[in-house]
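Undergrad: please work out how this folds:
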Amino acid sequence: MTRFRILLCLAGVWTISALGGEARWWKGNLHTHSLWSDGDDYPESIAAWYRDHGYNFLALSDHNRMQQGDHWENLKPTHGGGIALERNRQRFGTNWLQFRVHKGTNQVRLKTLAEFRPLVEQPGRFLLIPSEEITGGHLSLPVHINATNLREPIAPQGGTNVMDVIRKVVSAVLDQRRRTGQPMFPHINHPNFGWGITAEDLIPVEGERFFEVYNGHPTVHNAGDRLHAGTDQVWDIVLAWRLGRLGLPPVFGLAVDDSHNYEKEGPGESNSGRGWVMVRAETLTANALVAAMEAGDFYASSGVTLRDVRRTPGELHIDIEPEAGVTYRTRFIGTRRAFNDTRHPVTNAKGEPVRATQRYHGDVGEVLAEVTGPSATYRLRGDELYVRARIDSNRPVDRPVTKGETATAWTQPTWP
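TA: From the prediction side, this is the model:
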């Protein structure tokens with residue numbers, strides 16, 4: 001069976017080419033926090049959990065720092081002590097961690113990535129990818145951007161507005177990529193967190209290719225609300241304008257955990273195992289994973305597993321790995337070239353404008369076809385700017401954030 005990969009040529013024109021070699025799916029999470037910032041567990045313990053739960057790669061993306069240098073953390077019962085400390089000792093031994101008393105406070109020295117990496121990585125099975133969540137914003141509006149496969153930390157960047165902050169962070173990441181030759185990419189985190197980032201902020205940013213369509217943190221508003229668009233809708237707006245009006249490449253959608261809490265589980269905690277990406281690559285290396293993701297050869301999931309995603313010259317085909325008793329509905333979502341591009345500002349009950357993604361015509365992100373069952377095919381008409389698929393199931397997710405949440409998968413956009 002021939003598989004196809006989307007590739008970007010130097011002229012900015014996207015084409016389809018066959019994927020060579022024996023590629024397979026690799027499962028990973030690109031957004032994770034540890035005691036190095038505001039997580040409540042040791043990074044080596046977190047990495048071991050992901051490895052032991054079937055993940056193939058993990059990015060530990062602490063706020064404004066990487067796991068480098070000499071860092072002593074204050075020990076508290078729910079922050080490095082208690083359950084977290086006991087589990088760490090059971091897994092890595094009682095002599096693994098170093099402790100001291102500093103100015104009357106008990107402290108632990110956190111292990112660096114270079115120190116704990118050999119204990120948890122397994123060639124061909126589990127890989128750690130150096131990362132950082134570059135955390136800043138404009139005024140009270142948060143702008144958080146992850147950088148995957150970094151060589152060195154990047155400081156938060158200021159700016160005159162949210163779009164300017166995004167552009168400067170993206171430029172800083174891409175500058176490091178050019179300077180070091182290391183494949184890496186930035187991605188926009190939880191755009192609805194604090195209602196910080198709108199579709200209009202994202203549309204014109206060159207160099208930004210990824211954003212989180214699903215984030216497992218309980219305060220990020222994936223679904224939006226009465227005044228704010230959900231992340232699925234934001235994605236379609238960004239795709240329609242970039243492809244149809246600005247001639248920019250598409251933005252791809254990620255699902256992530258954004259995990260912080262490892263001692264307690266529940267809807268109000270930011271736990272592991274809620275969102276991930278499945279990347280199709282020939283080898284489990286950071287370079288291969290980055291290349292496959294930049295080619296759009298991956299999907300996002302909160303619990304639905306896909307056997308295959310295939311694009312031929314006239315069709316987009318999806319095969320789902322079915323579970324007994326579970327039903328599936330695949331919606332092929334897209335925007336046609338002749339879409340109505342009218343839009344209006346959002347206003348509150350008093351008629352005052354609200355800083356939110358604007359209201360767009362129903363042509364943007366319309367459901368082009370709907371299929372039930374474990375296999376779905378969409379036949380392209382040729383007038384689509386793009387087509388992507390959202391696969392919903394009736395199976396409750398293992399670690400729900402919202403009441404009634406069911407397992408979903410998102411494929412990346414493709415076009416004629």
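Undergrad: so where's this protein shaky on pLDDT?
TA: For the chain, residues meeting the criterion pLDDT under 70 lie at 1-21.
Undergrad: which residue is nearest the middle of it?
TA: When CA atoms, centre = their mean is applied to the chain, the residue found nearest the centroid is residue 254 (3.4 Å).
Undergrad: surely it touches residue 278?
TA: No - shown here, residue 254 and residue 278 do not form a contact pair, counting by CB atoms under 8 Å, at 11.0 Å. C-beta coordinates here come from the backbone N, C-alpha and C atoms, glycine included.
Undergrad: which residues are in contact with both of those two?
TA: Here residue 254 and residue 278 share the contacting residues residue 300, scored by CB atoms under 8 Å, 6 or more residues apart in numbering.
Undergrad: show me what the helix or strand where the residue nearest to the centre of the chain lies is packed up against.
TA: Per DSSP states H and E, residue 254 falls inside strand 252-256. Counting by 3 or more CB pairs under 8 Å, 6 or more residues apart in numbering; DSSP states H and E, the packing neighbours recorded for strand 252-256 are strand 210-215, strand 276-281, strand 298-301.
Undergrad: which one, of the ones you listed, ends up nearest to residue 121?
TA: strand 276-281 (16.8 Å; CB to CB).
Undergrad: residue 255 and residue 371, how far apart?
TA: Going from residue 255 to residue 371 by CB to CB, to the nearest Å gives 21 Å.
Undergrad: helices of this structure, start to end?
TA: 43-52, 82-92, 113-120, 162-180, 199-202, 231-241, 286-294 (DSSP state H).
Undergrad: so for residue 273, which of the ones you listed sits nearest?
TA: Judged by CB to CB, the one of the helices of the chain that comes nearest to residue 273 is helix 43-52, at 8.5 Å.
Undergrad: that closest one: which residues count as buried?
TA: For helix 43-52, a neighbour-count test (16 or more other CB atoms under 10 Å) marks 43, 44, 45, 46, 47, 48, 49, 50, 51 as buried.
Undergrad: what residues are up against the fifth one?
TA: This means residue 47. 58, 60, 116, 120, 126, 128.
Undergrad: now do 10 Å
TA: Listed by CB atoms under 10 Å, 6 or more residues apart in numbering, the contact partners of residue 47 are 32, 34, 55, 58, 60, 113, 116-117, 119-121, 126-128.
Undergrad: same question, residue 187
TA: With CB under 10 Å, 6+ apart as the criterion, the residues that contact residue 187 are 30-31, 61, 131, 144-148, 170, 173, 208-212, 251-254, 256, 293.
Undergrad: before we move on, what about residue 40?
TA: Residue 40 makes contact with 33-34, 46, 76, 78-84, 259-264, 269-270, according to CB under 10 Å, 6+ apart.
Undergrad: and for residue 220?
TA: Neighbouring residues of residue 220 by CB under 10 Å, 6+ apart: 189, 190, 191, 192, 193, 194, 212, 214, 231, 258, 270, 401.
Undergrad: now, among the residues you listed, which is nearest to residue 316?
TA: Comparing every one of the contacts of residue 220 with residue 316 (CB to CB), the shortest separation belongs to residue 214, at 20.5 Å.
Undergrad: look up how far residue 398 lies from the closest one.
TA: Residue 214 sits at a distance of 14 Å from residue 398 (criterion: CB to CB).
Undergrad: how about residue 92?
TA: 27 Å.
Undergrad: what subset of the contacts of residue 47 is buried?
TA: If you count burial by 16+ other CB under 10 Å, the buried members of the contacts of residue 47 come out as 32, 34, 55, 58, 60, 113, 116-117, 120-121, 126-128.
Undergrad: returning to that earlier point: residue 92 and residue 398: who's more crowded?
TA: Set side by side, residue 92 and residue 398 give different neighbour counts by other CB atoms under 10 Å, the larger being at residue 92 (18 against 12).
Undergrad: present the helices and strands packed on strand 252-256 as a markdown table; the columns should include mean neighbour count and distance to residue 180.
TA: As requested, those are arranged in a markdown table below (neighbours: other CB atoms under 10 Å; distance: least, CB to CB, whole Å):
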| stretch | mean neighbour count | distance to residue 180 |
| --- | --- | --- |
| strand 210-215 | 25 | 20 |
| strand 276-281 | 24 | 21 |
| strand 298-301 | 24 | 24 |
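Undergrad: residue contacts, the residue lying closest to residue 305 once chain neighbours are set aside?
TA: Nearest residue to residue 305 in three dimensions, chain neighbours excluded: residue 321, at 4.0 Å (CB to CB, 6 or more residues apart in numbering). Each residue near residue 321 by CB under 10 Å, 6+ apart is listed here: 304, 305, 306, 307, 308, 374.
Undergrad: hmm, try it at 7 Å
TA: Under the criterion of CB atoms under 7 Å, 6 or more residues apart in numbering, the contact list for residue 321 reads 305, 306, 307.
Undergrad: if we can go back for a sec, got the angle for the strand holding residue 254 vs strand 276-281?
TA: Between the direction of strand 252-256 and that of strand 276-281, the angle (axes from the mean of the first three to the mean of the last three CA atoms, to 10 degrees) works out to 130 degrees.
Undergrad: just the buried residues of strand 252-256, please?
TA: Residues 252, 253, 254, 255, 256 are the ones in strand 252-256 that count as buried (16+ other CB under 10 Å).
Undergrad: identify the farthest-apart pair in the residues you listed.
TA: Taking CB to CB as the measure, the buried residues of strand 252-256 have their most distant pair in 252 and 256, spaced 12.8 Å apart.
Undergrad: show me how the protein divides into domains.
TA: As given by automatic domain parsing, the domain ranges for the chain are 4-71+110-411, 72-109.
Undergrad: for residue 315, which of the helices of the chain is the nearest?
TA: Ranking the helices of the chain by distance to residue 315, with CB to CB as the measure, places helix 231-241 first at 19.6 Å.
Undergrad: highest average neighbour count across the helices of the chain?
TA: Scoring the helices of the chain by mean neighbour count under mean count of other CB atoms under 10 Å gives helix 231-241 as the most buried, with a mean of 24.
Undergrad: export only the CA atoms of it, formatted as CSV.
TA: Only the C-alpha atoms of helix 231-241 are listed here, as CSV (Å, rounded to 0.1, in the frame of the first residue of the first chain):
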residue,chain,number,x,y,z
THR,A,231,-10.1,25.9,19.0
ASP,A,232,-11.6,23.8,16.2
GLN,A,233,-13.3,26.9,14.8
VAL,A,234,-10.1,29.0,15.3
TRP,A,235,-8.2,26.4,13.3
ASP,A,236,-10.6,26.6,10.3
ILE,A,237,-10.5,30.4,10.3
VAL,A,238,-6.7,30.4,10.3
LEU,A,239,-6.6,27.8,7.5
ALA,A,240,-9.1,29.6,5.3
TRP,A,241,-7.4,33.0,5.5
